[in-house]
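Engineer: Below: sequence and its predicted model.
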Amino acid sequence: MISREKHDRMANAIRFLSMDAVEKANSGHPGLPMGAADIATVLFTRYLSFDPKNPAWPNRDRFVLSAGHGSMLLYSLLYLTGYDDITIDEIKNFRQLGSRTAGHPEYGHAAGIETTTGPLGQGIANSVGMAIAERKLREEFGSELMGHYTYVLAGDGCLMEGVSQEAIALAGHLKLNKLIVFWDDNNISIDGPISLANSTDQHARFRACKWHTIAVNGHDPEAIAAAIEEAQKSDKPTMIACKTVIGFGAPNKAGTHKVHGSPLGAEEIAATRKALGWEAEAFTVPSDVLDAWRIAGLRSAKARKEWEERLEAAEAEKKAHFIRRFSGELEGSLASAISAYKQKLAETKPSPATRKASEDALEVINGVLAETIGGSADLTGSNNTKTSQTHSITPDDFSGRYIHYGVREHGMAAAMNGMALHGGLIPYSGGFLIFSDYCRPSIRLAALMGIRVIHVLTHDSIGLGEDGPTHQPVEHMAALRAIPNLLMFRPADATETAECWQLALENRKRPSGLALTRQNLMAVRTEYEEQNLCARGAYDLISASDAQVTIFATGSEVEIAVKACQTLTAKGIATRVVSVPCFELFAEQSEDYQQAIIGTSPVKIAVEAGIRQGWDHFIGNDGIFIGMSSFGASGPYKDLYKHFGITPEVVVASAEAKLS
Ligand SMILES: Cc1ncc(C[n+]2csc(CCOP(=O)(O)OP(=O)(O)O)c2C)c(N)n1
């Protein structure tokens, strides 16, 4: 039992580390850590099951600081509870180049940072994915190996962001009762009081989404503790509204937006020291307080050890499977299964849409990998993401492997990040490429964090036809290619689709997107190649020595390139075709390889039913680009290709004109 006095001193340690670090950095957000210190102290000293010396323990409780600007709250907690990564020097180096204590918590910088937060709303939406992962893995491996809570601290900002609504609705629907959100209900954001912009009754909102809600004084440790215990017993996810004072303890600035995002200043810090009776110097935590925190950090070591014993005692195959799943390694037999499938494709030479080819590839993949968890934002039949192995998950039955995310692309992408971060699962989703715009903030964070999530993005061009320009991606490939560390694949046929899927799965430290067609495509890869030709990003599909014309193309336009090549070759014009399924992988090849692929043809043409941006790397700024420079239109897709001049005839005519 921690006395009130001890609790206050422990919470004040967070407050002073935070305000002193922000002061030293001359930048940062002291208000939230000071206001939420009591909540965090109760959670970390009494309830959170975690082990700073074994931070990756798969069955630890997850804590997500969704309000990432309050990063000093998390860094203080990690230092105080004894994580090796966050030393007092790291705290002193808050926000400095190369420190682990970046402005906002960054996944991978230090153990204990479960996800990168800062873009408001993302953390709470990630946490829904973490809670889904916990529930799914508990179903799969049993509660002796999986059974933990996911706790979130979210601010007004997180709850105002739209993505939080998608996340909350999904969590309530799925009855994720081990998800517990603390709302730092302090009435303040940057512009001033929340009343400037928001009148939402958050309790009514959460309840409407099938959550349990509780309201407490966020500075009353016993009330917070009682709320957590009540939440743990709930059969629904719980939101605990904690009334707090932002910048608690600062005599002149507490409760105002002045403490949100600026240093308090020496004078106010001195006044706060006086007000809270804190005599220790900056960055010094009194030894009794530090000891109490370190003891709190040891609280769950026994639970972790017992868990390890249970894993050790598990049946050998189950144990090995669990360990592999959390290592992120793929099943060894995947490569041979894909080879066998490619062999079959070479024999049958099918001509499906690549969205259907993706389903067929997934049928193979899902048969080998138990860790894939599919889904779609209400476009299952269009995205072809459901296979015979992936039954639907329902609120009361998590034995399936397929999530009906509802029409919630952003929430889906953020939840997928949470699942990947949790470990044990490889999430893939389905949506339209056009609506990658709705997922973009989460895809960007997946790329920044370096996590494996795979987005199946179908209906990838004007080739979708009649739905028209609102649904036809034009700038999307270029926009997604602009995100560092994201692999964007646009396969040309069934074989390339299988290869791109394999690459997406094998790339453990980055997310992938697969842009796939609605319309059928002819097989362009007709011979079996053991090697994954897409792995180099671009390769010679049709070679020609002394080619006068080289045509580069992706996805559905490879077929157009091949047909144009046939005509040009028949006319005696030596022509090559280069398939370019992935810009990013190509950019990683040796200079020699890149130069050889780009080649020296006097005429270089790129064909992609999107914008030119990015293609000059292949064709030079004097190259010919055949694609889109406007929005699309509604009509049968063949008419659209003609209307926008993306045809073999136009390619041939352009090549001839340039050569003459
Ligand atoms: C998506 C997004 N938009 C804007 C911001 C900039 N921003 C950072 S904190 C903040 C206000 C947050 O208010 P609240 O959650 O109440 O935090 P508190 O003031 O209590 O610290 C804003 C707008 C952001 N980080 N993310």
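Structural biologist: All right, it came through fine.

Engineer: residue ranges with poor pLDDT in the stretch 401-550 of the chain?
Structural biologist: In the prediction, the stretch 401-550 of the chain carries no residues with pLDDT under 70.

Engineer: Tell me, how many residues neighbour the nearest residue to Leu80 once chain neighbours are set aside?
Structural biologist: Nearest residue to Leu80, sequence neighbours excluded (CB to CB, 6 or more residues apart in numbering): Trp293, at 3.8 Å. Placement of C-beta: from N, CA and C, glycine included. Other residues near Trp293 come to 23 when the count uses other CB atoms under 10 Å.

Engineer: One more: Ser660?
Structural biologist: The criterion is other CB under 10 Å. On that basis, Ser660 has 5 neighbouring residues.

Engineer: Give the full set of residues in contact with it.
Structural biologist: With contact taken as CB atoms under 8 Å, 6 or more residues apart in numbering, Ser660 is in contact with no other residue.

Engineer: next one: phi and psi at Val603?
Structural biologist: Note on Val603: backbone dihedrals following degrees, to the nearest 10 are phi -120, psi 120.

Engineer: what does the one 3 residues further on give?
Structural biologist: Per-residue torsions, Ala606: phi -110, psi 140 (degrees, to the nearest 10).

Engineer: Enumerate every residue touching the residue in the chain positioned nearest to the ligand.
Structural biologist: When you check the chain against the ligand by CB to the nearest ligand atom, the closest residue turns out to be Gly155, at 2.5 Å. By CB under 8 Å, 6+ apart, the contact list for Gly155 reads 32, 66-67, 70, 120, 183-184, 186, 189.

Engineer: Can you list which of the residues you listed are found in helices?
Structural biologist: Counting by DSSP state H, the members of these that fall within helices are Leu32.

Engineer: how about the residues of the stretch 1-150 of the chain near the ligand?
Structural biologist: Taking CB under 6 Å from any ligand atom as the measure of proximity, the stretch 1-150 of the chain contacts the ligand at 29, 31-32, 67, 69-70, 118-120.

Engineer: Can you tell me which of these has the most neighbours?
Structural biologist: Greatest neighbour count in these, by other CB under 10 Å, goes to Gly31: 34 neighbours.

Engineer: can you tell me which residues contact the closest residue to that residue other than its chain neighbours?
Structural biologist: The spatially closest residue to Gly31, leaving aside those adjacent along the chain, is Val259, at 3.7 Å (CB to CB, 6+ apart). Applying CB under 8 Å, 6+ apart, we find Val259 in contact with 30-31, 34, 246-247, 250, 253.

Engineer: Helices of the stretch 351-500 of the chain, start to end?
Structural biologist: Assigned helices in the stretch 351-500 of the chain, in chain order: 354-368, 380-383, 409-422, 436-449, 476-481, 494-506 (criterion: DSSP state H, counting those that start in this stretch).

Engineer: Just say which of these is most tucked in.
Structural biologist: A comparison of the helices of the stretch 351-500 of the chain by mean neighbour count, using mean count of other CB atoms under 10 Å, puts helix 409-422 on top with a mean of 29.

Engineer: which secondary structure elements does that helix contact?
Structural biologist: Helix 409-422 sits against helix 122-141, helix 162-173, strand 372-376, strand 426-432, helix 436-449, with contacts defined as 3 or more CB pairs under 8 Å, 6 or more residues apart in numbering; DSSP states H and E.

Engineer: Figure out how far that helix is from the centre of its chain.
Structural biologist: 5 Å (CA atoms, centre = their mean, to the nearest Å).

Engineer: And the residues of the stretch 1-150 of the chain next to the ligand, which two are furthest apart?
Structural biologist: Among these, the pair separated by the greatest distance (CB to CB) is Gly31 and Pro119, at 18.7 Å.

Engineer: Show me what counts as buried in the biggest helix by length in the chain.
Structural biologist: Of all segments of type helix in the chain, defined using DSSP H, the longest is helix 4-25. By 16 or more other CB atoms under 10 Å, the buried positions in helix 4-25 come out as 6-25.

Engineer: Check stretch 140-152 too.
Structural biologist: Neighbour-count burial for stretch 140-152 flags 140-141, 145-152 (criterion: 16+ other CB under 10 Å).

Engineer: outside of that stretch, which residues touch it?
Structural biologist: 43, 47-49, 58-64, 66, 123-124, 127, 130-131, 134, 137-138, 176, 178-182, 232, 307, 310-311, 314, 318, 322, 370.

Engineer: Narrow the residues you listed to those in strands?
Structural biologist: Applying DSSP state E to the contacts of stretch 140-152, the entries found in strands are 62-64, 179-182.

Engineer: and Ile327, how many neighbours does it have?
Structural biologist: One correction, residue 327 is Ser, not Ile. Here the count is done by other CB under 10 Å, and Ser327 has 11 residues near it.

Engineer: again but with Ile295, I slipped
Structural biologist: Counted with other CB under 10 Å, the burial measure for Ile295 works out to 13 neighbours.

Engineer: now do the one 3 residues further on
Structural biologist: Burial of Leu298, expressed as a neighbour count using other CB under 10 Å, amounts to 13.
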